[in-house]
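S.K.: below are the sequence and a predicted model for it; my questions follow.
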Amino acid sequence: MKNRTGRLMSYTTDLDANPNHGSGYCDVWNWNGGTGSSFYHAGCSQQGMYNGTVGGNFSGTDVDAFSFNGEGYHERFTRIGTWHWRARGVWTKIQDPEIADCGIGDGNEIWCTVLVQ
């Protein structure tokens, strides 16, 4: 997970099907992973970071999902994937071999690409 936006990105390392798990919840648009829509109100504990990297590259930290709770963002899977708008507080689930790279782009908006590492 890489955040190059300077804005608060939320992430979780304990996404769970039990909505009572963790200290809060994550509304995930792609519960089954990947690009298909399968909305789920999941249990999770949220953490935040402004700029930096967490997880990936055999770091020992497995990030399960990410969001921007203060504003919406664009996401796509792979560098040639179709961009999709996600409202603030909507979470994108990523699989074990994937990372998300988020930066600021057109319109001063957040753009995130999910890649296999």
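M.R.: Cool, the structure landed.

S.K.: center of the chain, which residue is that?
M.R.: Nearest to the geometric centre of the chain sits Phe66, at 2.1 Å (Cα atoms, centre = their mean).

S.K.: so who does that one touch?
M.R.: Contact analysis of Phe66 by Cβ atoms under 8 Å, 6 or more residues apart in numbering lists 1, 9-12, 91-92, 94, 100, 102, 112. Where you see a C-beta, it was placed from the backbone N, CA and C, and this is true even at glycine.

S.K.: okay, and which of those residues map to strands?
M.R.: 9-12, 91-92, 100, 102, 112 (DSSP state E).

S.K.: right, and out of the contacts of Phe66, which lies closest to Arg76?
M.R.: Cys112 (7.6 Å; Cβ to Cβ).

S.K.: from Val90, how far off is the closest one?
M.R.: 12 Å (Cβ to Cβ, to the nearest Å).

S.K.: which of these two has more neighbours?
M.R.: Cys112 (26 against 19; other Cβ atoms under 10 Å).

S.K.: model confidence for the more buried one, exactly?
M.R.: Note on Cys112: pLDDT of 98.

S.K.: try Gly24
M.R.: 89.

S.K.: check Asn20 too.
M.R.: For Asn20, pLDDT reads 86.
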